[in-house]
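K.L.:
with the input below, show me the fold.
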Amino acid sequence: MLKQSIILLFSTLLLTGCGSVHYNNVHMGNDNIPVATKLSTEQKQSISELKTALLNLGENTSEAEATLIAYDSVVYSMILANQYKLASPPLYHNYLVNTKRRPRGLCYHWQRDLISHLKKRKNFKTFDLKEGVSAEGEYWNEHNAMIVTAKGQPFETGIVLDGWRNSGKLFWVKVTKETKHHWKQRVWKTKKIAKKSIPKAS
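P.N.:
Model prediction:
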């Protein structure tokens, strides 16, 4: 079954074509700030609409924080694509990472790198950044993305921010409106280490 799946994957890639992805006019500026010297109308619209969607997550959401998350998520996703030396489609890039031809660029890399970047940028007071996972533990189906909620609100009320899905072109949607994945919050389990008895000093 695994062999058949691999053959099907590469047959699909050969038919659809593979290529490299690079975004011009974006780079990291001073103080860890993403810079876009030029944005397309579509990119500007995505930032504006995402900002509005973020503000609508709660009554006390900060406009400044929503603006930062929206702008950085769109622009930094393009920067990550360049840093990953991205190949398209995404499953082909996954193959390159898994065969050590690329260092990073799996879906969980996108998720964690975006979360890490945003947390370095600001200690958000009105939003929470969460790890979302779909089909956890299923090798061919598991997917990861960042979920943003208003501070203290349930995971299901959030917005999915996914840079992997469209090769650096940020995809976003309400968790409840997602049609391709069934999201849940990833909970990391820590192993309990048995305490060794310490002999009394003589």
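
K.L.:
tell me the SS of Gln153?
P.N.:
Following DSSP: H, G, I helix; E, B strand; the rest coil, Gln153 is assigned to coil.

K.L.:
which residues of the chain fall in strands?
P.N.:
Assigned by DSSP state E, the strands in the chain fall at 19-20, 26-28, 34-36, 87-88, 127-134, 143-150, 159-162, 171-174, 183-185.

K.L.:
redo the ones you listed as CSV? Include distance to Tyr108, mean neighbour count and mean pLDDT.
P.N.:
(C-beta placed from N, C-alpha, C; glycine too.) CSV is the format used below for those (distance: least, Cβ to Cβ, whole Å; neighbours: other Cβ atoms under 10 Å; pLDDT from 0 to 100):
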stretch, distance to Tyr108, mean neighbour count, mean pLDDT
strand 19-20, 22, 12, 92
strand 26-28, 21, 17, 98
strand 34-36, 21, 18, 98
strand 87-88, 18, 20, 97
strand 127-134, 8, 20, 99
strand 143-150, 4, 24, 99
strand 159-162, 11, 25, 99
strand 171-174, 16, 18, 99
strand 183-185, 14, 18, 98
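
K.L.:
just the helices in the protein please.
P.N.:
2-16, 41-55, 63-83, 90-98, 107-121 (DSSP state H).

K.L.:
nearest to Phe127, of those?
P.N.:
helix 63-83 (5.7 Å; Cβ to Cβ).

K.L.:
by mean pLDDT, which helix or strand of the chain comes out lowest?
P.N.:
When the helices and strands of the chain are scored by mean pLDDT, DSSP states H and E, helix 2-16 comes last with a mean of 49.

K.L.:
ok, back up a step: looking at the helices of the chain, which is buried most?
P.N.:
Mean neighbour count, computed with mean count of other Cβ atoms under 10 Å, is highest for helix 63-83 among the helices of the chain, reaching a mean of 21.

K.L.:
between it and strand 127-134, how big is the angle?
P.N.:
Taking axes from the mean of the first three to the mean of the last three Cα atoms, to 10 degrees, one finds helix 63-83 and strand 127-134 inclined to each other by 40 degrees.

K.L.:
what's next to helix 63-83, contact-wise?
P.N.:
Contacts to helix 63-83, defined as Cβ atoms under 8 Å, 6 or more residues apart in numbering, come from residues 21-23, 26-28, 34-36, 39, 43, 46-48, 50-51, 54-55, 104, 110, 113-114, 117-118, 121-122, 124-127, 146, 148, 161, 163, 167-170, 172.

K.L.:
average pLDDT for it?
P.N.:
In this model, helix 63-83 has an average pLDDT of 99.

K.L.:
C-alpha coordinates for that helix, PDB please?
P.N.:
Once side chains and other backbone atoms are set aside, the C-alpha atoms of helix 63-83 remain, and they are given as PDB (Å, rounded to 0.1, in the frame of the first residue of the first chain):
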ATOM      1  CA  GLU A  63      -6.300  46.700  16.100                       C
ATOM      2  CA  ALA A  64      -2.600  47.200  16.300                       C
ATOM      3  CA  GLU A  65      -2.100  43.500  17.200                       C
ATOM      4  CA  ALA A  66      -4.500  42.400  14.400                       C
ATOM      5  CA  THR A  67      -2.600  44.500  11.900                       C
ATOM      6  CA  LEU A  68       0.800  43.100  13.000                       C
ATOM      7  CA  ILE A  69      -0.400  39.400  12.800                       C
ATOM      8  CA  ALA A  70      -2.100  39.900   9.400                       C
ATOM      9  CA  TYR A  71       0.800  41.700   7.800                       C
ATOM     10  CA  ASP A  72       3.500  39.500   9.300                       C
ATOM     11  CA  SER A  73       1.700  36.200   8.500                       C
ATOM     12  CA  VAL A  74       1.300  37.100   4.800                       C
ATOM     13  CA  VAL A  75       4.800  38.600   4.300                       C
ATOM     14  CA  TYR A  76       6.700  36.300   6.600                       C
ATOM     15  CA  SER A  77       5.200  33.200   4.900                       C
ATOM     16  CA  MET A  78       6.800  34.400   1.600                       C
ATOM     17  CA  ILE A  79      10.100  35.000   3.400                       C
ATOM     18  CA  LEU A  80       9.900  31.500   4.800                       C
ATOM     19  CA  ALA A  81       9.300  30.100   1.300                       C
ATOM     20  CA  ASN A  82      12.600  31.800   0.200                       C
ATOM     21  CA  GLN A  83      14.500  30.600   3.200                       C
END
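
K.L.:
thanks a lot, see you next time.
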